[in-house]
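Asker: Quick one, fold the following:
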Amino acid sequence: MYSITKEVYFCYGHRLMNHGGKCRHIHGHSVKAAITVTASELDDQGMVRDFSDIQQSASAFIEEQLDHNFLVHEDDPLCSVLQRSGERFLSLPDHPTAEVLSRMIYTEMQKRGFSVEKVTLWETASAHASYTED
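Answerer: Reported below is the predicted structural model:
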């Protein structure tokens with residue numbers, strides 16, 4: 001099995017409603033997401049996929065949904081304030097954790113036709129979360 005990994009970078013703000021620590025407050029992250037794609041055979045160019053194809057597809061989704069966006073749980077009382085203020089935000093059925101964001105990117109890349117093995121999202125230089133399916 002062959003695999004390649006493409007890293008993409010973006011920024012987002014969030015808060016984890018009802019979290020017991022500092023993450024319950026509004027804050028932001030500059031993150032790296034590593035998207036690993038696999039293939040049992042290489043294409044006619046000797047590639048799993050072209051890195052630029054992964055970059056373009058991931059960036060299209062990330063720029064539309066995540067980059068420079070404020071992510072909140074759909075039950076967060078901030079949603080109404082953000083909406084009234086005309087602020088850009090994305091409400092999610094799950095808490096906007098690194099684990100959830102890595103799953104979102106994984107699922108979207110699968111929908112776009114990539115054989116994704118794993119997505120890892122570094123929330124800080126020393127902390128990351130990954131999503132993969134069995």
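
Asker: Now the spatially most central residue of the chain: closest residue in space that isn't a chain neighbour?
Answerer: Compute the mean C-alpha point of the chain, and by C-alpha atoms, centre = their mean the closest residue is Leu101, 3.9 Å away. Closest residue to Leu101 apart from its sequence neighbours, by C-beta to C-beta, 6 or more residues apart in numbering: Leu121 at 5.4 Å. For every residue, glycine as well, the C-beta is placed using N, CA and C.

Asker: ok so, going back, may I ask you to confirm that the residue nearest to the centre of the chain is in contact with His128?
Answerer: No - judged on C-beta atoms under 8 Å, Leu101 makes no contact with His128 at a distance of 11.0 Å.

Asker: Can you work out which residues contact both of the two?
Answerer: Leu121 (C-beta atoms under 8 Å, 6 or more residues apart in numbering).

Asker: For this protein, which segments are assigned as strands?
Answerer: 2-14, 27-39, 69-73, 89-92, 116-124, 127-131 (DSSP state E).

Asker: Which one of those strands lies nearest to Ile105?
Answerer: strand 116-124 (4.7 Å; C-beta to C-beta).

Asker: Residues in contact with that closest one: which ones?
Answerer: With C-beta under 8 Å, 6+ apart, strand 116-124 has contacts from 3, 29, 31-38, 98, 101-103, 105-106, 109-110, 128-132.

Asker: Which of those residues are buried, as a PyMOL select command?
Answerer: Here is the PyMOL selection string for the buried members of those, based on 16 or more other C-beta atoms under 10 Å:
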select buried, resi 29+31+32+33+34+35+36+37+98+101+102+103+105+106+109+128+129+131
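
Asker: Switch the strands of the chain over to TSV; also include distance to Ala58 and mean pLDDT.
Answerer: Putting those into TSV (distance: least, C-beta to C-beta, whole Å; pLDDT from 0 to 100) gives the following:
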stretch	distance to Ala58	mean pLDDT
strand 2-14	5	98
strand 27-39	6	98
strand 69-73	15	98
strand 89-92	17	98
strand 116-124	9	97
strand 127-131	14	98
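
Asker: Which among those is found nearest to Glu63?
Answerer: strand 2-14 (7.6 Å).

Asker: that older thread, what sits opposite the residue nearest to Leu101 in the beta ladder?
Answerer: Ala33, Ala129 (DSSP bridges).
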